[in-house]
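Chemist: everything below, folded, please.
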Amino acid sequence: MRKAKVILILIILFCIIYFLQTNFFSWFNIGGIMPNLFVILVLFIGLFVGNKVGGILGIIFGIVLDLTIGHYVGVSSVFLALIGLLGEYFDKNFSKDSRATIIIMSAGSTVIYELGIYVSKILIMGVNAEFLTFTLTVLVEILFNVLLIIIIYPLMKKLGYYIEDAFKGKKILTRYF
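Modeler: Have a look, this model is predicted:
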């Protein structure tokens, strides 16, 4: 019952983030570049819930994004699932208690996601490769994501440990021994 409540919270959180991404940040951008809140959400799910749920929700959220925003169905879902799976790796090898670590994880995840989407656009759609524009876009997006993480980190940490407790239980000491 508690896991179903947490999944419902994550779906509501996705809807809120979807609204922010499509409406609020379409007005608040720099040169048309917006933060990618979905990368932060799926990384958050992968870190605190685990790679199975992070990967599955990454696929589902990616399909929803591709159907509503994207051009090809499945491209975003593949890379969001990869970020969800990567979250479990980060959880096992790095600390979630450090804001700097979360910022570095988010920056790396943003680069992986955007690079994957960019390469897919080049291969599938035949878009011309403009590396300077791509690099500038990724740097501004990373800056946006980092600023948002700095602002929402306390809430993210509190909600994350609640969700982690619901899915993994209190296995803090067994993780290290």
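Chemist: switch to C-alpha atoms for all contacts and neighbour counts from now on
Modeler: Fine.
Chemist: over to the residue nearest the centre of the chain. Which of the three states is it?
Modeler: The residue lying closest to the centre of the chain (CA atoms, centre = their mean) is Val39, at 2.0 Å. Assigned with DSSP: H, G, I helix; E, B strand; the rest coil, Val39 falls in the helix class.
Chemist: surely it meets Ala107?
Modeler: No - checked against CA atoms under 8 Å, the pair Val39 and Ala107 is beyond contact range at 9.7 Å.
Chemist: in the helix or strand where Gly87 lies, what counts as buried?
Modeler: Here Gly87 is covered by helix 75-93, with elements defined by DSSP states H and E. If you call a residue buried by 16 or more other CA atoms under 10 Å, then helix 75-93 has these buried ones: 75-88, 90-91.
Chemist: of the residues you listed, just say which sits nearest to Ile69.
Modeler: Using CA to CA, Ser76 comes nearest to Ile69 of the buried residues of helix 75-93, at 10.1 Å.
Chemist: what's near enough to touch the nearest residue to that closest one once chain neighbours are set aside?
Modeler: With sequence-adjacent residues excluded and distances taken as CA to CA, 6 or more residues apart in numbering, Ser76 is closest to Gly62, at 4.8 Å. By CA atoms under 8 Å, 6 or more residues apart in numbering, the contact set of Gly62 is 74-78, 80-81.
Chemist: where do the helices sit along this structure?
Modeler: Applying DSSP state H to the chain gives helices spanning 2-19, 25-27, 37-48, 51-68, 75-93, 99-120, 131-168, 172-176.
Chemist: give the rounded mean pLDDT of the last one.
Modeler: This predicted structure assigns helix 172-176 an average pLDDT of 54.
Chemist: low pLDDT regions in the protein?
Modeler: By pLDDT under 70, the low-scoring segments of the chain are 170-177.
Chemist: how far away is the residue lying closest to Phe144 once chain neighbours are set aside from Ile124?
Modeler: Nearest non-adjacent residue to Phe144, counting by CA to CA, 6+ apart: Pro35, 5.1 Å away. Here Pro35 is placed at a distance of 24 Å from Ile124 (CA to CA, to the nearest Å).
Chemist: those two: which is more packed in?
Modeler: Shown here are Pro35 and Ile124; by other CA atoms under 10 Å, Pro35 has more neighbours (24 against 11).
Chemist: and the more buried one, what does it touch?
Modeler: Contacts of Pro35 (CA under 8 Å, 6+ apart): 21, 25, 141-142, 144-145.
Chemist: can you lay out these as a markdown table showing neighbour count and distance to Thr133?
Modeler: Formatted as a markdown table, the contacts of Pro35 follow (neighbours: other CA atoms under 10 Å; distance: CA to CA, whole Å):
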| residue | neighbour count | distance to Thr133 |
| --- | --- | --- |
| Gln21 | 18 | 21 |
| Phe25 | 17 | 20 |
| Glu141 | 23 | 12 |
| Ile142 | 23 | 14 |
| Phe144 | 19 | 17 |
| Asn145 | 22 | 18 |
